[in-house]
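>>> Predicted coordinates and the sequence they were generated for:
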Amino acid sequence: MAEIDTVEENKNIVAQYRRLLRHAKPVLKDGDNAIIRKAFNLAMEAHKGMRRKSGEPYILHPIAVAQIAVEEIGLGTTSIIASLLHDVVEDTELEIEDIRKEFGPKVAKIIDGLTKISGVFDKTMSQQAENFRKMLLTLSDDVRVILIKLADRLHNMRTLDSMARDKQLKIASETIYLYAPLAHRLGLYAIKSELEDLYLKYTEPISYRSIAVKLSQTKIARNKFIRDFISPLESELHKQKVSFVIKGRPKSIFSIWNKMQQSNVDFEHIYDLFAIRIIIDTEQDNEKAVCWQVYSIVTDYYKPNPDRLRDWISTPRSNGYESLHSTVMSKTGQWVEVQIRSARMDEIAEKGYAAHWKYKENTDKTSKEERGLELWINKVRDLLQRNDLSAIDFVDEFKSNLFTEEVFVFTPKGDLKVLPAGSTALDFAFEIHTHIGAHCLGAKVNQKLVPLSYVLNNGDQIEIITSSKQKPSEDWLKFVVTTKSKTKIKDWLKEEKKRIADDGKEIVLRKLKNLKIEMNQEVMSKFLHYYNEKYAQDFYYKIAKEVIDSKGLRNALEQIQGVEARKDLLGDLKNKEIKLTTDSSKNDMLLIGEDLAKIDYTLSKCCNPIPGDDVFGFVTVSEGIKIHRTICPNAAELMAQYGYRIVKAKWTDGHELAFLATLKVKGSDRVGMLNNITRVISNELKVNIRSLTIETEDGIFDGTIQLFVHDTKQLDKLIKKLHMVPGVMGVTRYYN
């Protein structure tokens with residue numbers, strides 16, 4: 001082991017600390033330097049002798065978190081102190097009360113929040129979900145807890161190289177599943193984008209490197225393209241005396257990869273790689289007019305795609321994002337995304353929630369974006385107060401709403417209401433009032449009658465029609481979108497079911513009394529077993545609804561004993577049969593578990609792994625171990641939610657079994673194309689085709705080929721061969 005140069009290490013620590021102070025200087029007030037120094041000294045002492053997996057001194061981590069909080073999120077002194085001390089309570093004998101005495105209640109409250117959520121995703125799913133719920137509770141308390149937690153996660157992702165492969169996959173999966181969407185919702189687009197790129201770097205390293213290399217190779221050509229594109233715009237903007245800055249950049253590696261997957265094309269066929277941002281410097285009252293002036297200049301030079309105009313200036317997103325987006329055609333025939341915004345809007349777009357307060361100080365009015373963000377935080381608070389949701393359901397509900405866009409609609413009196421995109425007339429009714437939603441019979445949208453399931457559009461004016469005889473139906477759950485609607489409908493149905501079940505209980509007790517049988521736990525257990533019901537309430541409910549015939553209760557009791565005996569016998573036979581018919585041939589293909597022992601498994605159909613794929617095992621409740629690819633569409637969720645059920649898996653060598661794989665092929669539709677493709681597959685590479693479907697439109701074909709291959713080497717060779725067929729534009733491996 002190399003000798004550690006502590007002198008150099010200490011110099012580096014001091015240099016990083018001074019760098020932090022330099023970046024923090026604009027937000028520091030008199031006396032702040034001293035209290036930050038006090039926090040730094042305490043952190044140094046607390047983490048003395050501690051090292052990260054990379055071998056570097058642990059103190060560099062809290063300094064880096066504080067640096068991100070200041071430089072990339074725009075937080076101030078309180079957050080710097082909390083960032084420096086965020087691991088102190090967990091790693092030392094110090095308690096929150098000690099922090100409160102030294103640094104005050106605000107810092108103590110933030111560190112308390114950070115300490116409580118330090119174990120998120122460490123143990124079982126229920127604990128993970130409970131801890132995530134705790135983390136969100138702090139959102140409605142002090143949003144700085146979440147912002148510092150995001151800074152902490154970003155630094156951990158930036159330094160993930162030193163972790164073991166299975167840890168990398170787990171942490172990356174948590175990040176894409178919850179932290180990147182959370183950064184998006186809080187308006188931290190730069191952090192969200194970097195988290196996504198880092199996720200791809202560790203889960204799909206080959207694809208990540210390939211795209212990064214190609215972006216590097218095309219950098220000179222891209223820069224020339226951007227210069228040529230913005231040159232006439234700069235001239236015209238100067239003529240019209242607009243103060244501006246233009247930034248040209250390629251889209252993120254993750255967004256390019258995502259588009260390649262969705263469109264089933266290669267890198268070379270992704271045409272909208274470019275994004276141009278025009279940032280204007282003007283007074284806040286004049287922003288909207290100048291942005292539209294710039295839009296007019298851009299569209300005078302370049303033809304816009306009318307379907308791609310996004311006006312988030314008139315109606316900002318709920319996370320505060322304001323910008324004018326348009327996609328235009330360059331003179332060389334390439335689509336370019338143009339974003340137009342003010343310097344104020346740009347800072348909010350990059351630094352999100354934290355940047356609002358900087359501009360709030362300059363006005364007594366509560367901005368639209370701030371109201372939108374407060375509304376969203378209030379929705380999170382409502383979600384947290386729901387007692388009927390399990391911790392796992394809570395995480396799912398929260399996750400499903402993170403990326404939701406909004407629709408803006410009006411009441412008959414002209415009041416604006418903001419709902420998630422896809423919301424229905426019934427969602428609107430529940431948004432107005434629970435009683436109105438529960439008794440909603442229909443709606444008038446723009447003076448026309450529409451059904452409850454009508455999907456709202458921007459600008460709709462809605463009048464709700466109610467009836468005292470109307471009541472919620474289970475069918476309503478099939479089309480409502482908002483958490484509030486779902487919660488209120490479920491609450492009503494639950495109460496209604498309880499009332500009906502009480503009626504059913506009375507029926508059963510009367511029947512048993514006539515049969516001179518006393519209802520007790522043993523009798524109830526037998527009924528539940530016989531009728532295959534889990535809960536007594538469900539049994540009583542079905543009796544009341546006559547799904548279960550109450551007249552047959554006596555016969556049921558008489559038959560229960562005999563049926564149970566027969567089931568026991570069948571169970572024994574089934575167990576013996578399983579032992580006799582276990583497919584031992586598969587056991588040799590994979591090694592599973594910490595000690596990589598040979599264990600029975602099945603290959604997941606959602607991603608069809610084949611030898612050579614990077615895989616992991618997932619312990620299911622009823623189907624044993626299922627093998628998934630690490631880039632399976634379900635992998636991030638499985639690893640993030642059920643990390644304790646993930647086991648290592650590794651292919652062994654020397655077997656010639658065939659595995660099902662699916663390819664998507666895209667190209668020009670010409671005579672003989674299908675024959676050329678099948679000849680390469682069957683004749684040249686001797687691969688068996690299971691199925692082949694082709695769809696053509698406007699001279700372009702899209703094909704789906706299912707075939708049997710031995711491993712990824714054979715599949716990669718096949719993909720390369722198909723790329724060489726004249727007219728083929730893209731070949732990618734596909735999974736459900």
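Received, thanks.

>>> before we move on, which element is residue 182 in?
Assigned by DSSP states H and E, residue 182 falls within helix 180-185.

>>> How far does that helix sit from its chain's centre?
Centroid separation for helix 180-185 versus its chain: 8 Å, with C-alpha atoms, centre = their mean, to the nearest Å.

>>> lowest confidence element among the helices and strands of the chain?
Within the chain, no helix or strand scores below helix 553-581, which has a mean of 44 by mean pLDDT, DSSP states H and E.

>>> quick one on the thing from earlier: helices or strands up against whatever helix or strand comes next after the helix holding residue 182?
The element immediately downstream of helix 180-185 (helix or strand, assigned by DSSP H and E) is helix 189-203. Using 3 or more C-beta pairs under 8 Å, 6 or more residues apart in numbering; DSSP states H and E, the elements in contact with helix 189-203 are helix 144-158, helix 165-174, helix 180-185, helix 205-217, helix 253-263, helix 343-351, helix 635-641. Glycine gets a C-beta too; all of them are placed from N, C-alpha and C.

>>> Kindly export the shortest one (C-alpha atoms) in CSV.
These are the backbone C-alpha positions of helix 180-185, laid out as CSV (Å, rounded to 0.1, in the frame of the first residue of the first chain):
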residue,chain,number,x,y,z
ALA,A,180,-33.3,12.7,-10.8
PRO,A,181,-37.1,13.1,-11.0
LEU,A,182,-37.0,15.0,-7.7
ALA,A,183,-34.4,17.3,-9.0
HIS,A,184,-36.6,17.8,-12.1
ARG,A,185,-39.6,18.7,-10.0
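
>>> for the record, mean pLDDT for that helix?
Throughout helix 180-185, pLDDT has a mean value of 80.

>>> hang on, the earlier thing: okay if I get the helices and strands packed on helix 189-203 as a markdown table plus mean neighbour count and distance to residue 20?
As requested, these are arranged in a markdown table below (neighbours: other C-beta atoms under 10 Å; distance: least, C-beta to C-beta, whole Å):
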| stretch | mean neighbour count | distance to residue 20 |
| --- | --- | --- |
| helix 144-158 | 23 | 12 |
| helix 165-174 | 20 | 25 |
| helix 180-185 | 24 | 21 |
| helix 205-217 | 14 | 29 |
| helix 253-263 | 18 | 28 |
| helix 343-351 | 22 | 17 |
| helix 635-641 | 23 | 31 |
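
>>> who does the helix holding residue 182 touch, helix- and strand-wise?
helix 144-158, helix 189-203, helix 391-402.

>>> and residue 488, which of those helices is closest to it?
Residue 488 lies closest to helix 391-402 among those, at 13.9 Å (C-beta to C-beta).

>>> ok, and for the helix or strand immediately after the closest one in the chain, which residues are buried?
Sequence-wise, the next helix or strand downstream of helix 391-402 (DSSP H and E) is strand 406-410. By 16 or more other C-beta atoms under 10 Å, the buried positions in strand 406-410 come out as 406, 407, 409.

>>> List the contacts of the closest residue to residue 468 other than its chain neighbours.
Among residues not flanking residue 468 along the chain, residue 439 sits closest, at 6.2 Å (C-beta to C-beta, 6 or more residues apart in numbering). By C-beta atoms under 8 Å, 6 or more residues apart in numbering, residue 439 lies in contact with 466, 467, 468, 470, 471.

>>> Which helix runs longest in this structure?
When the chain is parsed with DSSP state H, its longest helix is helix 483-514.

>>> State the mean pLDDT of the very next helix or strand once past it.
Counting by DSSP H and E, the next helix or strand C-terminal to helix 483-514 is helix 521-530. The pLDDT scores in helix 521-530 average 81.

>>> ok, back up a step: possible to save the helices and strands packed on helix 189-203 as CSV with distance to residue 195?
Listed next are the helices and strands packed on helix 189-203 as CSV, based on distance: least, C-beta to C-beta, whole Å:
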stretch, distance to residue 195
helix 144-158, 6
helix 165-174, 9
helix 180-185, 4
helix 205-217, 14
helix 253-263, 9
helix 343-351, 14
helix 635-641, 12
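
>>> Identify whichever of those lies nearest to residue 504.
Nearest of the helices and strands packed on helix 189-203 (C-beta to C-beta): helix 635-641, 35.9 Å.

>>> which helices and strands does the closest one pack with?
Using 3+ C-beta pairs under 8 Å, 6+ apart, helix 635-641 sits against helix 125-141, helix 165-174, helix 189-203, strand 615-619, strand 625-629.

>>> now with 10 Å?
helix 125-141, helix 165-174, helix 189-203, helix 391-402, strand 615-619, strand 625-629, strand 646-651 (3 or more C-beta pairs under 10 Å, 6 or more residues apart in numbering; DSSP states H and E).

>>> I figured residue 669 was touching residue 728, is that so?
No - at 11.3 Å, residue 669 does not count as touching residue 728 under the criterion of C-beta atoms under 10 Å.
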